[in-house]
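J.: Kindly return the folded structure for what I paste below:
(3 chains)
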Amino acid sequence: MPEVTANPATRPRTSAPVRPAKRAPDWVEPLLYLTPSLLILTVFVFYPLVRTLYLSTFLTNPLGVPKLFVGVEHFVNALTSDQFLHSLWVSTQFVLYTVPVGILLALSLALLSIKPLRGIKIFQLIFSSPLCISVATGASIFLMMYNPLSGVLNYFLSLVGVPKVSWLTDPKVALWAVGFVSIWMRLGFNYVLMLSGLQNVPQELYEAAVVDGANSWHKTRHITLPMLSPTIFFAAVVGVIHAFQIFGEIHIMTGGGPSDATNVVVFQVYQMAFQNWEFGAASAQALILFAVILVLTYFQFKVGERQVHYQ
Amino acid sequence: MQRFRKGPAAIALALLLMLTILAGCGGSGSKAKPAKKFELQAGEKVKVTFWHAMGGKNGEAVQSLVDQFNKSQDKVQVEASYQGSYDEALQKLKASGPNGPTLIQVYEIGSRFMIDSGLITPMQGFIDADTFNTKSFEQNILSYYTFDGQLYSMPFNTSTPIMYYNKTAFKEAGLDPEKPPKTFEEFADYAKKLTKKNGNDTRYGASIAWYGWFFEQLLAVQGVHYVDNDNGRKAKATKAIIDSKEGQKITDWLKGMVDAGSAANLGRKTSETQAAFQAGRIAMTFDSTAVVSTMLSGVNGKFEVGTAFLPRPADAKGGVIIGGASLWITNLKPEKEQWAAWEFVKWLGSPEIQGKWHTLTGYFPIRAEAYDQEIVKEYHKTRPQYKTAIEQLRASKINPATQGAVIGVFPQARQVVEAAMENVVLGKATSADALKAAAAEITTSIENYNKTTK
Amino acid sequence: MSQATAAGQSTPIGRHMGTIVTYVGLVVTAFLMLFPLIWAIIVSLMKPGEVNQFPPPLWPTDPQWQNYAEVARSVPVFRYLFNSVAVSAIVTGGQIVTASLAGYAFSFFKFRAKGILFALFMSTMMVPWEVTMIPNFLTIRSLRLTSTYPGLVLPFLATAFGTFLLRQFFLTIPRDLEDAARIDGCGRFRFLVSIVLPLARPGLITLGAYTFLSTWNQYLWPLLVTDTKEMRTVQIGIRFLMNEEGQQFHLIMAAVVIFMIPAALLLLWGQKYLVRGLMAGAVKG
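T.: Numbers count the residues shown, from 1 in each chain, chains lettered A, B, ... in the order given. Next up, the predicted model:
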């Protein structure tokens, strides 16, 4: 760390000195710092956005080359298509199911393992272990366990006399089954978040509350939760974004089925684009999803910000 | 905006153009044919990239053939690469644009797309320029891949689906193991008799995957077409006609067995029904003849495996369609490499290799002489399961129904049909409604396809 | 499930009960959480087809350790691992560089376009991947970068999220440090490298860990962009393994376990950093 020494030999530099006329405008230097990011973002975010918009107005040939201008036909089709609207609904259900449940479970685990009991560190490690599980590893393990005839889950059920469940082939069950896998895989991350959030709650608050005669329920409700709300908010925002993007689990376990029960929007767009090779229709659907996420995030911030308690 | 729009597409086109100029007169589109044979020099080891969709045991068989070929000569070096399922391999081809392989294995239903794609050099060109004699090839197999008198691709692995059944389970249930069910009704009846509960577990009489291929075959077995214009063979198809009463019979039959509890719903993948059959959890199933080897080794003597023709409705008069895949030489590489691929294709079609391939997998040989190979004769004597598909094909008369439909969007159509099958079995729609909706969806795809591929 | 047994039971017996209940809860929950992993290890030691039996054997009576050798022989597991590590590392390094530079620009510079440019950056966070994936795929393809490391990596080298995160960290660095450094003749860039970055280390580690993990987990992009076996990442490798081997779960699970080991080791090593880092900057209002 450099020391502040008023060395007369060094001419002190101030932020607004008198300089010769050839000085570069003040946006040049920051722009240089911004250039690498701007370049990548332009090529891989802004340009594609425009190109997707362009593609969405065309009918493409089987190789994906735009051939026939159709204007807003794809948008109209998508908004009136049962399959697309259903996929939006599937995604919504998925988010509403996995995000709150995931955070609640993680919070419970964190509360369970925050006490300085002997060996608690081992449990903390175990609870963060899903961090080592990646999309394909988790999905393949559960695909095996969910097998209706020979999967170990149905075996355990049969031991207690419950009939077999068609985890991935029954449309009523499939989304919950896949969602559970997603929750489990995310649990490590959510747990670590919750744990560190809990650890950041100042002990004095609890001690003061005890003096005031608060019991554990009061403490949880009036200290823990409010202090944790920024963390929960963060987990929720990140969780919702993540849940809207899930793809790998679906691709490996159900392929969007059975009967489109797990056909989340990302999968729907992927199928349109890379299985049916209908780039135009897929682009339109992706843009509709974009609009939905924008609206959702706006509401999330509007509602969330009010609930979050900041220091 | 102008610049953005033209950018990558222009680069792709430019590359293609460059390649075709470099390639001389070899293949800049489906219509161009090689004028004369390109002689390869010894020791050149011209590289051929070969994309295929053979996994598991069959994948190992492919690799062993590739290794054998590479070792046997030094003019051509083949590099085989497994690209996933047939669907995925075709998608990869579409996705790779100018970066595609020299040779690719594409399933039979991808044929119309391949021809319209502008990515291939028709096989006929090589056949003519090399004065290659195809007389001893099985004509009904060749005819599947022949359009307007031209052979576009070389058949490599040909199959039809057959019924696999557990002879030991038949005996236990009091059924004659040498008399497998022949009709839909018999099959459903046998399935009921073969379903057995013991404690917590159920051994199901049957399970059939919701595989579009099976639906196509069962249509052909009833003598009806999938699309109009003689199944797309007389002229380009314009609409799907799968919602016929014959189509409904198929889905109703499947649903009936699931509802009766005699067939298990294991989803769309045959890998699931295969595993269940090998573990003795189901007693009957449909699958390709291509997995005869896999089935026999998976069962490993636990019980006796029987194979039979596909069952059909009692009054049906039709035959099966050949399935499997063929090899396509793309026009993405220079002429020399295309001719190198042709050498490999020729070698794969030889009676000796076809015989070996047959015994390694269960696919049947495309050449009559293959049956004279010692190994084939021996296999047929000791493992009659290998013969069933061949006999089933020979018993099928050639007509547009058994020639199979030709549609540019066949892969998508298959997915739509599978979804319809699922919907019916799960009780979400009646056969009539589900198939009508499916037909409408497929027809729309066909119309879009025709609009964009003039 | 929520056992918020706070230290507050008044009687000794009450306290002991509370502790016992907590321990029981901990053990049961831990077992449930670990079960899939334990089962994967058990299956990886089974004989072919054994997992399809009913009832499935719950303990490998005849552990087939050679499954690991077999899967390592027939599948390039180490190549897949290497690819995933390489791609994740490159993306992580790239993002740290570009986000540091951009975050620095947004936190330490004053210029008129700052507000607009920052909003532009943040807006990219709103654009979902599905909207850009088709053109990005076409771009990579036309640059002939399919099945290459650049192809796998390029679209992810910049990040609005990372820029935002680091900007938050940088903003907490007191202005006087900057003035002092300026007086000392320290240029803008040197200031960034020798003072700001070291101070913002928790932020860098957070971004690094998060990015590495997300890239490791990428599935759709590698699926689209990889054609050859040699370039597959772990996720796509497992997918293809399931295609190739169908129901040979004993082999697939062996591969899964092999892939989990480096992640588990990393977790053991980095757990405490992760806990500290995630909270330190991520929640700053």
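
J.: All the strands of chain A, residue numbers only.
T.: All strands of chain A, identified by DSSP state E, fall at A:58-60, A:66-69.

J.: Format the ones you listed as JSON lines; extra columns: mean pLDDT, mean neighbour count and distance to chain C.
T.: (Each C-beta comes from the backbone N, C-alpha and C, glycine too.) Output for these, formatted as JSON lines (pLDDT from 0 to 100; neighbours: other Cβ atoms under 10 Å in any protein chain shown; distance: least, Cβ to the nearest Cβ, whole Å):
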{"stretch": "strand A:58-60", "mean pLDDT": "90", "mean neighbour count": "21", "distance to chain C": "10"}
{"stretch": "strand A:66-69", "mean pLDDT": "88", "mean neighbour count": "16", "distance to chain C": "11"}
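
J.: closest one to residue A:300 among the ones you listed?
T.: Within the strands of chain A, the stretch nearest residue A:300 is strand A:58-60; the backing value is 33.4 Å (Cβ to Cβ).

J.: which one of the strands of chain A lies closest to chain B?
T.: strand A:66-69 (4.3 Å; Cβ to the nearest Cβ).

J.: which helices and strands does the closest one pack with?
T.: On a contact count with 3 or more Cβ pairs under 8 Å, 6 or more residues apart in numbering or on different chains; DSSP states H and E, strand A:66-69 meets strand A:58-60, helix B:431-452.

J.: C-alpha coordinates for that strand, PDB please?
T.: Coordinates of the C-alpha atoms in strand A:66-69 are reproduced here as PDB (Å, rounded to 0.1, in the frame of the first residue of the first chain):
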ATOM      1  CA  PRO A  66     -35.000 -17.600 -43.600                       C
ATOM      2  CA  LYS A  67     -37.000 -17.900 -46.700                       C
ATOM      3  CA  LEU A  68     -40.500 -16.500 -46.500                       C
ATOM      4  CA  PHE A  69     -41.500 -13.300 -44.700                       C
END
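
J.: about what we covered before: for the strands of chain A, give me CSV that also has distance to residue C:198.
T.: Formatted as CSV, those follow (distance: least, Cβ to Cβ, whole Å):
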stretch, distance to residue C:198
strand A:58-60, 51
strand A:66-69, 51
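
J.: Compare the ones you listed and give me the one nearest residue B:94.
T.: strand A:58-60 (11.1 Å).

J.: and that closest one, how far out from the chain's middle?
T.: Relative to the centre of its chain, strand A:58-60 is centred 31 Å away, using Cα atoms, centre = their mean, to the nearest Å.

J.: Contact distance from chain B - what residues of the stretch 151-300 of chain A qualify?
T.: Applying Cβ under 8 Å from any Cβ of the partner chain, we find that the stretch 151-300 of chain A lies next to chain B at A:158-159, A:161, A:166, A:168-171, A:255, A:257-260, A:274-278.

J.: For ChimeraX, what selects the buried ones among those?
T.: The ChimeraX selection below is limited to those of those classed as buried (16 or more other Cβ atoms under 10 Å in any protein chain shown):
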select /A:158,166,168,169,170,171,255,257,258,259,260,274,275,276,277,278
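
J.: so where is the chain shaky, pLDDT-wise?
T.: All of this is about chain A. For chain A, applying pLDDT under 70 flags the ranges A:1-24, A:305, A:307-311.

J.: nope, chain B please
T.: B:1-33, B:35, B:200.

J.: for chain C, same thing?
T.: Applying pLDDT under 70 to chain C flags the ranges C:1-11, C:14, C:246, C:271-285.

J.: okay, now the domains of it?
T.: Following automatic domain parsing, chain C resolves into domains at C:2-65, C:70-279.

J.: Which of those domains has the highest mean neighbour count?
T.: Sort the domains of chain C by mean neighbour count, taking mean count of other Cβ atoms under 10 Å in any protein chain shown, and domain C:70-279 sits at the top with a mean of 20.
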